[in-house]
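Novice: 3D model of this:
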Amino acid sequence: MSQVLIVDDDPAILEILQAYLVAEGHTVLSASDGFGAREGLPRADLAIIDWMLPGVSGMDLVREARAADMQLPILMLTARGEEEDKLRGLDFGVDDYVVKPFSPREVMARVRALLRRVGVREEVSIGDLSIDLRSHTASLSGLPLELSKLEFDLLTALAQHPGMAWTRERLLERVWGSDFLGTERVVDVHITGLRKKLGDTSDNPQFIETVRGVGYRFREE
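Specialist: The predicted structure follows:
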């Protein structure tokens, strides 16, 4: 569904939030400090950031993201419950707060609300292709496509951003995860299989185009 960045220096919090997010179909990026968070923010659809972080504070990250015109929703985790602190955070660009200790279910409810607010779609329809993110199914001209999980995630990543060129490296991070140890060649192999199931060709693609020297993009209607 979406790519969510979690930034917290508590490994237990990272682990439990990642488990809940993955269970709902999201891809998760994680960082334990502000320096690591800077790498993940440009790739995230939503960020969950702890206020108190080693190196760079959560609030500094929010300021940097907004100064760079990053529009992703940001949920702040904080032990600070005072109204003045919350108002200051909202002024800097925080979208919502959860005060520690928290229920993971409450965090997930707020994540869903933030994603709805920014219009993250649960269904994608482009021409005769339809993708249902809730049921993890896809169909072409009304006929179901038999896709593996990796093929579905790859198709979804491309189709949610038509016209945007993806490098193989970025697709690896988005679909396979940052801890994948294989080569970029695996992207080409899965694109070939996906094209075959879509009835697509690299010479005259209806859906997935090759961007020479870069990677791939989904054709705009």
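
Novice: tell me where this structure has strands.
Specialist: Assigned by DSSP state E, the strands in the chain fall at 3-7, 27-31, 46-50, 74-78, 96-99, 123-126, 129-132, 137-140, 143-144, 166-167, 208-211, 215-218.

Novice: with distance to E184 and mean neighbour count added, can I get those strands in CSV?
Specialist: Just so you know, the C-beta spots here come from the backbone N, C-alpha and C atoms, and that holds for glycine as well. Shown next, in CSV, are the strands of the chain (distance: least, C-beta to C-beta, whole Å; neighbours: other C-beta atoms under 10 Å):
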stretch, distance to E184, mean neighbour count
strand 3-7, 19, 25
strand 27-31, 18, 22
strand 46-50, 26, 25
strand 74-78, 31, 23
strand 96-99, 36, 17
strand 123-126, 25, 14
strand 129-132, 24, 18
strand 137-140, 24, 17
strand 143-144, 30, 9
strand 166-167, 9, 18
strand 208-211, 14, 17
strand 215-218, 9, 22
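
Novice: now tabulate these in TSV and tack on distance to V107 and mean pLDDT.
Specialist: Converted to TSV, the strands of the chain look like this (distance: least, C-beta to C-beta, whole Å; pLDDT from 0 to 100):
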stretch	distance to V107	mean pLDDT
strand 3-7	10	91
strand 27-31	13	87
strand 46-50	7	93
strand 74-78	7	90
strand 96-99	6	88
strand 123-126	25	80
strand 129-132	25	90
strand 137-140	27	92
strand 143-144	34	94
strand 166-167	29	88
strand 208-211	35	93
strand 215-218	31	92
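
Novice: with distance to S57 added, can I get those in CSV?
Specialist: Shown next, in CSV, are the strands of the chain (distance: least, C-beta to C-beta, whole Å):
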stretch, distance to S57
strand 3-7, 11
strand 27-31, 13
strand 46-50, 9
strand 74-78, 11
strand 96-99, 15
strand 123-126, 37
strand 129-132, 38
strand 137-140, 42
strand 143-144, 48
strand 166-167, 31
strand 208-211, 38
strand 215-218, 35
